[in-house]
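Q: got a predicted structure here, sequence first:
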Amino acid sequence: MQSIAETPLGRYIRKQDRNQAARGMRKRPTLKDIARATGVHPSTVSRALDASSRSSLSEEVVERVREAARTLGYRP
């Protein structure tokens with residue numbers, strides 16, 4: 001099993017950290033940030049995080065989005 005650092009999500013987090021450190025700021029993650037990290041559309045992220053809308057998504061996509069949201073520190 002890959003560590004998170006070796007995944008696209010890990011690479012995205014490192015890139016974001018470098019960019020934000022260069023600007024001297026740390027912003028809250030958005031749905032678009034999670035979408036970029038997971039390779040899905042922002043509306044898919046929204047549906048994956050909303051319990052009443054998950055039925056139209058595969059369990060794999062929901063888990064991938066939820067893991068990225070946790071890792072990035074997303075708060076609605």
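A: Now that the structure is in, tell me what you want to look at. Numbering: from 1, shown residues only.
Q: low-confidence ranges in the protein?
A: 1-6, 18-26 (pLDDT under 70).
Q: so the residue nearest the centre of it is in which element?
A: For the chain, Ile34 is the residue whose C-alpha lies nearest the centre (C-alpha atoms, centre = their mean; 2.7 Å). Element membership for Ile34 (DSSP states H and E) is helix 31-38.
Q: show me what that helix packs onto, helices and strands only.
A: helix 8-23, helix 42-49, helix 59-72 (3 or more C-beta pairs under 8 Å, 6 or more residues apart in numbering; DSSP states H and E). Any C-beta I mention is one placed from the backbone N, CA and C, and that applies to glycine too.
Q: and those helices, which is most packed in?
A: Mean neighbours per residue, mean count of other C-beta atoms under 10 Å, is largest over the helices and strands packed on helix 31-38 for helix 42-49, with a mean of 18.
Q: next, the angle from it to helix 31-38.
A: 90 degrees (axes from the mean of the first three to the mean of the last three C-alpha atoms, to 10 degrees).
Q: before we move on, the earlier item: want to throw the helices and strands packed on helix 31-38 into CSV with distance to Thr30?
A: Converted to CSV, those look like this (distance: least, C-beta to C-beta, whole Å):
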stretch, distance to Thr30
helix 8-23, 11
helix 42-49, 8
helix 59-72, 9
